[in-house]
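Novice: Make a model of this:
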Amino acid sequence: MSRDDAARSDAARHDAARHGAALHERALATGFSGVIRVDVGDTVVFAQAYGLADRAHGIPATVDHRFGVASVAKGFTALTVASLVEEGRIGLDDPVRAVLGTDLPLVDDAVTVRHLLSHTSGIGDYLDENVAGDITDHVLPVPVHLLDDVEAYLPVLDGHPQVAPPGSGFAYNNSGFVLLALVAQRRTGTEFTELVRQRVLEPAGMSRTGYPRTDELPGDVALGYLHPTGLRTNVLHLPVRGSGDGGLVTTAHDLAAFWRAVLAHRVVGAGTLAALVEPVSTVESEGMRYGLGFWLGADSPDLVLEGYDAGVSARTRHDPVTGVTVTVVANSSDGAWPVLREPAGA
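Specialist: Here you go, the predicted model:
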């Protein structure tokens, strides 16, 4: 390492430590429950757990607890699909109608894999996040225990008319990522969550990440709570098994490993990754840009995955220039956001 490289590395660690300290103060001030972790490369600069993983039994959260991360999973879906694109088993510009057949007839025949990855498909969404109300107001139209496989989502996805022409603009869409999971599963004949394990989790060394059923959660998974206080969990608000749009549980440690593996091209090749993180849309309401499955900084090279659902809030951000990764995972619907909303240096 040159003297200049060493100086830049020291500066990155100093800034990361300062950021970790600021996040810690906000966590204490807001009653945060979850885990905060800051890494620079493979060095842990800050890692601390707060609050309770299980309120009823008074079990404190630890840095080793696994947390639901909701739409953070969309990045894993994108990488899984991209790995199949690399193999020539799926094309980014393939219309998905060829895979759907007669299923979901309201999906426009022109919708492609690229449209779904970039949230520009214009299809109707089974979970429309633009509808006013609290995230805990959303209730699935079928019993959640039925949603144990991607194919089981078809009745939930059906009946939502196209709302815009494919490619006409960005509109965040959960159904699109369930469709991506369906396409991947049908193309390979392998259950989607197993595809994610084989193609993303194993190459990244994410041994404690997966899609457990919500009705048989292992003891190291923090329960997700609907409200800042109280014992009511999110088990009746989420599918019993996750799909392309969410349902992943992971640790802050595994998310740091994820970014290192992705940027080292152990999951997909450099060209494929470049295509995923090429900006497609500027989303002013979020203060970010969007590529194919990944959020991007508005005016920075930052790569971002974030999730928000009943009993879940999470964000992991990686700066590919400095190697800094900042991860906040919480086991309540809004728990992560008060910690994250202030300026980084505050």
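
Novice: ok, which stretches of the chain are strands?
Specialist: Using DSSP state E, the strands of the chain run over 34-40, 43-50, 52-54, 59-60, 67-68, 249-250, 281-283, 288-290, 295-297, 303-309, 312-319, 324-330.

Novice: just the angle between the first one and strand 312-319, please?
Specialist: Between strand 34-40 and strand 312-319, the angle comes out at 10 degrees (axes from the mean of the first three to the mean of the last three Cα atoms, to 10 degrees).

Novice: Low-confidence bits of the chain, can you list those?
Specialist: 1-9, 129-133, 135, 137-138, 342-346 (pLDDT under 70).

Novice: Next one: the residue nearest the centre of it from Leu217, what distance?
Specialist: For the chain, the residue nearest the mean C-alpha position is Val72 (0.7 Å; Cα atoms, centre = their mean). Noted for Val72: a distance of 18 Å to Leu217, by Cβ to Cβ, to the nearest Å. (C-beta placed from N, C-alpha, C; glycine too.)

Novice: that older thread, the residue nearest to the centre of the chain reaches Asp309, doesn't it?
Specialist: No. If you go by Cβ atoms under 8 Å, Val72 and Asp309 don't touch, sitting 10.3 Å apart.

Novice: Mean neighbour count, the strands of the chain: which tops it?
Specialist: When those are scored by mean count of other Cβ atoms under 10 Å, the highest mean neighbour count falls to strand 67-68 (a mean of 32).

Novice: Parallel or antiparallel, which strands does that one pair with?
Specialist: Counting by DSSP bridges, the strands paired with strand 67-68 are strand 249-250 (antiparallel).

Novice: centre of the chain versus the strand it pairs with, how much separation?
Specialist: 10 Å (Cα atoms, centre = their mean, to the nearest Å).

Novice: same check, this time on stretch 326-343
Specialist: 14 Å.

Novice: Just the CA trace of that stretch, in PDB.
Specialist: Output of stretch 326-343 as PDB, limited to C-alpha atoms (Å, rounded to 0.1, in the frame of the first residue of the first chain):
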ATOM      1  CA  VAL A 326     -23.200   1.300   6.800                       C
ATOM      2  CA  THR A 327     -26.000  -1.100   7.900                       C
ATOM      3  CA  VAL A 328     -29.000  -0.400  10.100                       C
ATOM      4  CA  VAL A 329     -31.500  -3.100  10.700                       C
ATOM      5  CA  ALA A 330     -34.500  -2.800  13.000                       C
ATOM      6  CA  ASN A 331     -37.300  -5.000  14.200                       C
ATOM      7  CA  SER A 332     -40.100  -2.400  14.000                       C
ATOM      8  CA  SER A 333     -41.800  -0.700  11.000                       C
ATOM      9  CA  ASP A 334     -40.200   2.700  11.500                       C
ATOM     10  CA  GLY A 335     -37.400   1.900  13.800                       C
ATOM     11  CA  ALA A 336     -34.500   2.400  11.400                       C
ATOM     12  CA  TRP A 337     -35.600   5.700   9.900                       C
ATOM     13  CA  PRO A 338     -35.200   8.100  12.900                       C
ATOM     14  CA  VAL A 339     -31.600   6.800  13.100                       C
ATOM     15  CA  LEU A 340     -31.000   7.300   9.400                       C
ATOM     16  CA  ARG A 341     -32.800  10.600   8.600                       C
ATOM     17  CA  GLU A 342     -30.300  13.000  10.100                       C
ATOM     18  CA  PRO A 343     -27.300  14.100   8.100                       C
END
